[in-house]
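1. the sequence and its predicted three-dimensional model are supplied below.
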Amino acid sequence: MTTLSKIIIAALLGALASSCNLDFKISGIKGNGNVTTEQRQVTGEYTEIKISRGLDVYLTQSDTPSISVEADENLQDVIVTEVDGDVLKIYANQNISSSASKKVMVNFDKVSRIKATSGSDVHGTNTIEGDHFVLETSSGSDMELDIQAKSIDCSSSSGSELDLSGSTTDFIASASSGSDIDAENLSTESSHVKASSGAGIKVNTSKELIATATSGGDVTYYGNPEKIEKSDNVSGSIKKH
């Protein structure tokens, strides 16, 4: 990638990161430092989880579904956990400028889709099992999960990070706008990945790799796949570790 291309991409990503973080720099409610734990009622069944607005969420697969919020006492009403259709939504209904804690602990039986956005952090506390998962991160959010599944379809954008471990047969990944997908510790058989606009993907595959890298995107692959198809231009990179 040329020096000019790097400068342009860095400038664009810097502007994007500033816009994504704007909400969290605006003055908002401050936690009072008195941390309490509140059990929330699970009012319906859900197959998707959507997290936003800078919250810290811990996901545990369990036979006993539950939701609890550990946060400053005056933030308990600000942190919303609600089921809308088949989606569990977890978010703050106003900006939180500072807090001693803003954690949400979710025990669930089965889900197929998890989405994190707007500076939220998502952590898996145990191995999550299922047939098919769709995972999405955007706008400076982070997600770290250990998954055992038949297939995983994931995407990251706008400076977010997705860190995966475990195993799957089929893996599809798309990263853009300065984001990263680290699946070095996720064992896959067949992987189709695309990195663009300064994003990076690490993938570990044994049988098939189809990879595309454009506009400063970078793909690093681990393992010795039997079949490799690569498509990269002068500003993209696909390489074996």
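-> Looks like it came in fine.
2. assumed Asn74 was part of a helix.
-> Yes. Using DSSP: H, G, I helix; E, B strand; the rest coil, the assignment for Asn74 is a helix.
3. separation between the closest residue to it other than its chain neighbours and Asp121?
-> Nearest-residue entry for Asn74: Asn32, 4.7 Å, with adjacent residues in sequence omitted and distances by CB to CB, 6 or more residues apart in numbering. To be clear about C-beta, it is placed using only N, CA and C from the backbone, and glycine gets the same treatment. To Asp121, Asn32 is 22 Å away according to CB to CB, to the nearest Å.
4. higher neighbour count, those two?
-> It is Asp121, of Asn32 and Asp121, that has more neighbours when counted by other CB atoms under 10 Å, with 19 against 12.
5. buried ones in the helix or strand that Ile238 is a member of?
-> Take DSSP states H and E as the rule and Ile238 turns out to sit in strand 237-240. Going by neighbour count (16 or more other CB atoms under 10 Å), the buried part of strand 237-240 is Ser237, Ile238.
6. start the count at 43, not 1, going forward
-> OK, 43 is where the count begins now, so the last one is strand 279-282.
7. packing partners for that strand?
-> strand 242-256, strand 260-264, strand 269-274 (3 or more CB pairs under 8 Å, 6 or more residues apart in numbering; DSSP states H and E).
8. partners of the first one, with directions?
-> Think strand 242-256. With DSSP bridges as the criterion, the sheet partners recorded for strand 242-256 are strand 222-238 (parallel), strand 260-264 (parallel), strand 269-274 (parallel).
9. could you dump those strands into TSV with mean pLDDT added?
-> As requested, these are arranged in TSV below (pLDDT from 0 to 100):
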stretch	mean pLDDT
strand 222-238	99
strand 260-264	98
strand 269-274	96
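10. possible to save the ones you listed as CSV with mean neighbour count?
-> Rendered in CSV, the data for those read as follows (neighbours: other CB atoms under 10 Å):
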stretch, mean neighbour count
strand 222-238, 22
strand 260-264, 21
strand 269-274, 13
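11. mind putting those strands into JSON lines with distance to Asp126?
-> Shown next, in JSON lines, are the strands paired with strand 242-256 (distance: least, CB to CB, whole Å):
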{"stretch": "strand 222-238", "distance to Asp126": "28"}
{"stretch": "strand 260-264", "distance to Asp126": "36"}
{"stretch": "strand 269-274", "distance to Asp126": "39"}
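12. where exactly do the helices run in the chain?
-> Assigned helices in the chain, in chain order: 45-67 (criterion: DSSP state H).
13. where does it dip in pLDDT?
-> For the chain, the stretches with pLDDT under 70 are 43-68.
14. can you do 90?
-> Low-confidence regions of the chain, defined by pLDDT under 90, span residues 43-69, 84-86, 275-276.
15. what is the residue lying closest to Lys282 once chain neighbours are set aside paired to in the beta sheet?
-> Taking CB to CB, 6+ apart as the measure, Lys282 lies nearest to Tyr263, with 5.7 Å between them; neighbours along the chain are not counted. Legend: beta-bridge partners of Tyr263 under DSSP bridges are Val245, Lys282.
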